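K.L.:
sequence isn't available, so here's the structure alone:
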């Protein structure tokens with residue numbers, strides 16, 4: 001007999017919030033190589049700086065509408081009028097610096113795509129053997145907030161002009177995109 005959704009063993013961080021559980025079960029730690037999704041999470045992770053991830057997940061649809069369904073080329077063309085429009089949008093975090101950063105980051109994202117062929121290729125150029133890292137975390141291991149790889153990626157991105165993408169945000173991005181698998185060893189996903 002199959003386990004019900006509520007009986008599955010999951011990573012403890014997702015708790016019992018249905019939105020968190022759905023995110024954990026369907027997205028977190030699954031390998032993503034699609035640049036559109038990578039851009040979506042770049043915007044969302046950057047918006048999360050200083051906030052909880054559940055706050056951003058609850059506004060995800062608002063971000064999708066506000067940021068042209070995460071079309072990087074459209075977002076890169078946003079103007080100061082768009083910034084002002086976004087600052088009135090209750091569906092997103094209305095922080096001027098984060099909104100401006102999302103637009104600037106879109107332009108830089110396109111630059112990386114041109115230089116490397118894709119943003120995915122850029123990110124994986126930092127990975128050993130250009131492959132995801134599968135950590136085996138048990139009760140004795142603490143999930144890191146950063147690693148040498150996230151340090152290197154965020155340092156390079158900062159040098160290129162990206163904002164709101166420090167090493168901690170970068171590592172969260174790596175986890176979300178499946179560049180690193182930090183699911184607990186008892187988790188059904190592991």
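P.N.:
Yes, it's here. From a predicted model like this one, the values you see are computed outputs, not experimental measurements.
K.L.:
so which helix or strand of the protein has the lowest pLDDT on average?
P.N.:
Across the helices and strands of the chain, mean confidence by mean pLDDT, DSSP states H and E is lowest for strand 133-134: a mean of 87.
K.L.:
give me the contact list for the lengthiest helix in the chain.
P.N.:
In the chain, taking DSSP state H as the definition, the longest helix is helix 96-116. Residues outside helix 96-116 that contact it (C-beta atoms under 8 Å, 6 or more residues apart in numbering): 35, 39, 42-43, 46-47, 49, 67, 72-73, 75-76, 78, 82-83, 86-87, 92, 119, 122, 125, 157, 160-165. For glycine as for every other residue, the C-beta is placed from the backbone atoms N, C-alpha and C.
K.L.:
just give me how far the next helix or strand after that helix sits from the chain centre.
P.N.:
Next along the chain after helix 96-116, taking DSSP states H and E as the criterion, comes helix 119-124. Distance of helix 119-124 from its chain centroid, counting by C-alpha atoms, centre = their mean, to the nearest Å, is 14 Å.
K.L.:
who are the packing partners of helix 119-124?
P.N.:
Packing partners of helix 119-124 (3 or more C-beta pairs under 8 Å, 6 or more residues apart in numbering; DSSP states H and E): helix 35-48, helix 96-116.
K.L.:
what is the mean pLDDT for it?
P.N.:
In this model, helix 119-124 has an average pLDDT of 98.
K.L.:
what do you get for stretch 182-190?
P.N.:
Rounded mean pLDDT across stretch 182-190 is 80.
K.L.:
okay, buried residues for it please.
P.N.:
182, 183, 184, 187, 189, 190 (16 or more other C-beta atoms under 10 Å).
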